[in-house]
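Visitor: The sequence and its predicted three-dimensional model are supplied below.
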Amino acid sequence: MQRVLIADDELPARERLGRLLAELGGRELAGECGAGDEAVRLAGELRPDVVLLDVRMPGMSGLEAARHMALLPAPPAVIFTTAYDEYAVEAFEAEAVDYLLKPVRAERLATALERATRVAASKLERVAGVGWAQAIRTHVAARLRDTVKLIPIREIYYFSADQKYTTVRHVGGTDLIEDSLRSLEEELATLFVRVHRNALVNVQQLAAIERDGDGQYEVVLRDIGERLRVSRRLAGELRGHLGI
Amino acid sequence: MRDSSARLRLPDFCSGPAAVAVILIVVLTAVVLSLARQTELLVLWVDLARTALFLLWIGLGCTAVLCAMRTRLEALPIPEAAMLAVGAIVVVVSAVSAAALWLGSSEFIGSLADSLLFPSRPWRFLVTNMAIGAIVGALALRYFYVLGEWQRNVELQARARVHSLQARIRPHFLYNSMNTIAALTRTDPSLAEEAVQDLADLFRANLSDLRGSITLREELQVARIYQRIEQLRLGERLQVVWNLSELPMHAQVPSLLLQPLLENAIYHGIEPQRNGGVVTVDGSLEGDMIGLTVTNPLAEDGQLGHAGHRLALANIRERMELMYQGRASVDAGPSGSEYIVRLRFPAGL
C-alpha cells in the first residue's frame, strides 16, 4: 500500500486530491497539511512513500520543502502540484520527479503515483534547485536520526565551521548541518556576513567590534552577547556594516 | 503623472522628417509673403525666389538651433520653453536678416545686384522680419506641440489597451478556481453551481473592452464576486472588510479599477500567510474627490518589486490618466506592517 502525504494550503484542493486517492484505490492517505514547513515535519514523522506538494504555500515554498525532504533518511518521492506552469515544469519531468497541473486529472495522478518510487536524495535536491533562483530559502535543515529539523534563517545567530561540520547557533540551541559555509555565504549574502574564515554572522546580530587584551578584533552579538573572533582582513568591511 | 505631461514636447528637430516639415512651412510662408506683396506675375516669381532663398536660411538655422536646444527646452515648464523657443527663432531671423543686409551693402555684390534682390531700408527690413518670424515661429511651434500631444495620446491609448490585455486576471486564478469547483461538484453541488456563475460573470467583466467606464456600483459588484470565489478557496484565511457607504455609487470609473487591487492584496498579503489576514477596502468622499484605499498585511514575498504587482498598478495608473487627465492619483507603498494602495479621482467627469 502506497502511503501518500498531501500538502496544499487550500482545503478544497486537499479534499479533492484525497477523494481522487480514495477512488484510485491501493493508496492510503498518510496525512495532510497546509504549509511547506509542516510538510517537511510530517514527511519525517509519517514517512510517506509519496508527497503531493503544492508549489506555492505559506511557511515555505514547495520547492524549498522538497529540498529539505531530500535530507531525510528515506526521502519520499515528490510530486509537485501547481496551477501555474511557469515553474520550469519540463525540468521537473526530465529529473523524473513528476508534476501535476491543477485541476488534477485522475488518470494523470494514477500514472504519476505508479511512477513514483523512492527517488535518490541527490536527484531530489537537483530538481528542487531548478526553481531555486525564484525561491530564496527561508530555512536550513539539520539531519536528525530519522527526521530533519527546520531552523528558520531569521532565528540564526551565526554559522561556524570546523574541519568537517558546519554548526548553527540559533534561538533554539545548536545544531550541525551539512551545508558548507561557502555555499551558505553565497546563498544568504544579503543577510549574513563573514567575520572570519570559519564564521558567518547574521547582520542583524552585529552589535559592536572590540579589541581584546591581545589586540585581537572581536565582534559582539546583540541578543546572546557571545564574542566571535574577527580576522584582521575583514574588520574594516565589518565596520561598514556597523556604520562605524 | 501630472508632472510628465506638462512639458513642451517638440519633434526631434535633429531628424529628417522634422527638417522637411520646417522647409515646407518656410516655402509656404515665402509663397504667402510674395503673393501679398506683388501683383505682377514676372515680379512675383523673382520675389518668390529670393524670399524662399532668404527664408530657407532662416528655416535651416532655426532647425539647427532648436535641435541644439532640445534637452534644455524639455526641462522647462511650457510657458518658459515656448518663450525661449520663439526667442531663439527671432534671434536666428535677425541674424540671417543682418547677414542679408551686409551682403547687399558690401561693395562687390551690392554693385552687381539690382535693388530688387536686396533690401534698401535696413531698419524696417529687420523689424518686419523679426515680427513675421515671431508670429510664424509661434504658429509653427503650436502646430508641432498639438501634433505631438495628439501622437502621445494615441500612443497612450494603444499602450493602455495592450497593458489591459496583459493585466487581465492571473491565469493561476482561473486554474485554482477550476480546481475549487472540481472539488465542490461532489461535496456541495449547489455551491459549485454558484461558483461557476460567479466565475462566468467575472470573466465577462474581464474580457470586455477595458477602455470603457462603468459605474462604481458595477465595479464594486465585480470586486465582490471576485472575493466570493477567493473565499471558497481560502476559507477563513481570507477576510475582507468593506467601508464604502460614503461613496456615490453612480460615479463613473474605469472598469476593473478595484478588482486587480483586491487580487494583488490577496495574492501578496493573504496567500503567503499561514493564518491569513484581513484586507480592508475603504472609500471616502472629500468634496468632489473619491478616495479608495486597499490595505493588506505585508508578507515577506516582495510585493514591492513583484512584476505582476507593478504591472497592475501601472495599468490602473494609465487608464486613470486617460479618463481623468491629470486629476487622479495612484499611490502605493508599505506602511508599517501593511501595504496600502490609495486611489483618488473626481466623482463627476
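Guide: Thanks, I have it. Numbers count the residues shown, from 1 in each chain, chains lettered A, B, ... in the order given.

Visitor: so where's the stretch 151-300 of chain B shaky on pLDDT?
Guide: Counting by pLDDT under 70, the low-confidence segments of the stretch 151-300 of chain B come to B:161-169, B:209-211, B:300.

Visitor: Name the residues of it found near chain A, please.
Guide: Counting by CB under 8 Å from any CB of the partner chain, the stretch 151-300 of chain B comes close to chain A at B:171-172, B:175-176, B:178-180, B:182-184, B:186-187, B:232-235, B:237, B:271-274. C-beta: built from backbone N, CA, C; applies to glycine.

Visitor: Could you list the single helix or strand in chain A with the lowest mean pLDDT?
Guide: For chain A, the helix or strand with the lowest mean confidence is helix A:89-94, at a mean of 49 (criterion: mean pLDDT, DSSP states H and E).

Visitor: Would you mind pulling up the elements that the next helix or strand after it packs against?
Guide: From helix A:89-94 onward toward the C-terminus, using DSSP states H and E, the following helix or strand is strand A:99-101. Under the contact criterion of 3 or more CB pairs under 8 Å, 6 or more residues apart in numbering or on different chains; DSSP states H and E, strand A:99-101 touches strand A:77-82, helix A:89-94, helix A:106-115.

Visitor: pLDDT value on A:Thr190, please?
Guide: A:Thr190 is assigned 82 on the pLDDT scale.

Visitor: and the helix or strand harbouring B:Ala19, what other elements does it pack with?
Guide: According to DSSP H and E, B:Ala19 maps onto helix B:16-37. Using 3+ CB pairs under 8 Å, 6+ apart, the elements in contact with helix B:16-37 are helix B:41-75, helix B:122-166.

Visitor: what's the average pLDDT for that helix?
Guide: 87.

Visitor: Go ahead and produce CSV holding the CA coordinates of that helix.
Guide: Output of helix B:16-37 as CSV, limited to C-alpha atoms (Å, rounded to 0.1, in the frame of the first residue of the first chain):
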residue,chain,number,x,y,z
GLY,B,16,14.9,64.3,-41.3
PRO,B,17,11.1,64.4,-41.0
ALA,B,18,11.1,67.5,-38.8
ALA,B,19,13.6,69.3,-41.1
VAL,B,20,11.3,68.5,-44.1
ALA,B,21,8.3,69.9,-42.2
VAL,B,22,10.2,73.1,-41.4
ILE,B,23,11.3,73.5,-45.1
LEU,B,24,7.6,73.1,-46.1
ILE,B,25,6.5,75.7,-43.6
VAL,B,26,9.2,78.1,-44.8
VAL,B,27,8.4,77.7,-48.5
LEU,B,28,4.6,78.2,-47.8
THR,B,29,5.4,81.3,-45.9
ALA,B,30,7.5,82.6,-48.8
VAL,B,31,4.6,82.0,-51.1
VAL,B,32,2.2,83.8,-48.8
LEU,B,33,4.5,86.8,-48.5
SER,B,34,5.2,87.1,-52.2
LEU,B,35,1.5,86.8,-53.1
ALA,B,36,0.7,89.5,-50.7
ARG,B,37,3.4,91.8,-51.9
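
Visitor: what angle separates that helix from helix B:122-166?
Guide: 140 degrees (axes from the mean of the first three to the mean of the last three CA atoms, to 10 degrees).

Visitor: Would you mark the buried spots in helix B:16-37?
Guide: Residues of helix B:16-37 classed as buried: B:Ala18, B:Ala19, B:Ala21, B:Val22, B:Ile23, B:Ile25, B:Val26, B:Val27, B:Thr29, B:Ala30, B:Leu33, B:Ser34 (neighbour count, 16 or more other CB atoms under 10 Å in any protein chain shown).

Visitor: Equivalent analysis for stretch A:155-163, please.
Guide: Neighbour count says stretch A:155-163 has A:Ile156, A:Tyr157, A:Tyr158, A:Phe159, A:Ser160, A:Ala161 buried, by 16+ other CB under 10 Å.

Visitor: just checking, which of those belong to helices?
Guide: Among these, DSSP state H puts none in helices.

Visitor: Turn those into JSON lines, including pLDDT and distance to A:Arg233.
Guide: JSON lines is the format used below for those (pLDDT from 0 to 100; distance: CB to CB, whole Å):
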{"residue": "A:Ile156", "pLDDT": "94", "distance to A:Arg233": "24"}
{"residue": "A:Tyr157", "pLDDT": "94", "distance to A:Arg233": "22"}
{"residue": "A:Tyr158", "pLDDT": "95", "distance to A:Arg233": "18"}
{"residue": "A:Phe159", "pLDDT": "94", "distance to A:Arg233": "19"}
{"residue": "A:Ser160", "pLDDT": "93", "distance to A:Arg233": "18"}
{"residue": "A:Ala161", "pLDDT": "92", "distance to A:Arg233": "17"}
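
Visitor: Tell me which of the residues you listed fall in strands.
Guide: Per DSSP state E, strands hold the following members of the buried residues of stretch A:155-163: A:Ile156, A:Tyr157, A:Tyr158, A:Phe159, A:Ser160, A:Ala161.

Visitor: For the second one, which non-adjacent residue is closest in space?
Guide: Taking CB to CB, 6 or more residues apart in numbering or on different chains, and ignoring the residues beside it in sequence, A:Tyr157 has A:Arg169 as its nearest neighbour in space, at 4.7 Å.

Visitor: one step back: go through the helices and strands packed on strand A:99-101 and name the closest to chain B.
Guide: strand A:77-82 (8.3 Å; CB to the nearest CB).

Visitor: Partner strands of that closest one and their direction?
Guide: Using DSSP bridges, strand A:77-82 pairs in its sheet with strand A:50-54 (parallel), strand A:99-101 (parallel).

Visitor: pLDDT on it, on average?
Guide: 88.

Visitor: angle of that strand against helix A:106-115?
Guide: Using the same axes, to 10 degrees: strand A:77-82 against helix A:106-115 is 150 degrees.

Visitor: Among the ones in strands among the buried residues of stretch A:155-163, which one sits closest to chain B?
Guide: A:Ile156 (15.7 Å).

Visitor: Quickly list what that closest one is bridged to.
Guide: A:His170.

Visitor: Return the distance of the helix holding B:Ala19 from the chain's centre.
Guide: 31 Å (CA atoms, centre = their mean, to the nearest Å).

Visitor: Check stretch B:100-109 too.
Guide: So, by CA atoms, centre = their mean, the centroid of stretch B:100-109 is 51 Å from its chain's centroid.

Visitor: Reduced to three states, what does B:Gln273 come out as?
Guide: coil (DSSP: H, G, I helix; E, B strand; the rest coil).

Visitor: need the contact list for B:Pro11.
Guide: Contacts for B:Pro11 (CB atoms under 8 Å, 6 or more residues apart in numbering or on different chains) come out as B:Pro17, B:Ala18, B:Ala21, B:Phe144, B:Leu147, B:Gly148.

Visitor: I'd guessed A:Gly62 sits against A:Ala7; true?
Guide: Yes - counting by CB atoms under 8 Å, A:Gly62 touches A:Ala7, with 7.0 Å between them.

Visitor: Mutual contacts of those two, please.
Guide: With CB under 8 Å, 6+ apart, A:Gly62 and A:Ala7 have common neighbours A:Gly36, A:Ala39, A:Leu53, A:Asp54.

Visitor: if I look at B:Leu24, how far off is chain A?
Guide: Distance, B:Leu24 to chain A, using CB to the nearest CB, to the nearest Å: 52 Å.

Visitor: next one: B:Ser337
Guide: The value you get for B:Ser337 to chain A, if CB to the nearest CB is used, is 15 Å.

Visitor: show me the contacts for the nearest residue to that residue once chain neighbours are set aside.
Guide: With sequence-adjacent residues excluded and distances taken as CB to CB, 6+ apart, B:Ser337 is closest to B:Leu298, at 5.5 Å. Residues near B:Leu298 by CB under 8 Å, 6+ apart: B:Gly269, B:Pro334, B:Gly336, B:Ser337, B:Glu338, B:Tyr339.

Visitor: okay, A:Val168: pLDDT?
Guide: 94.

Visitor: Need the pLDDT of residue 70.
Guide: The chain I'm using is chain A. 82.

Visitor: Oops, wrong one, chain B.
Guide: Looking at B:Arg70, the pLDDT reads 84.

Visitor: Residues of chain A that sit close to chain B?
Guide: A:9-13, A:15-16, A:19, A:34-35, A:56, A:58-59, A:83-84, A:101-104.
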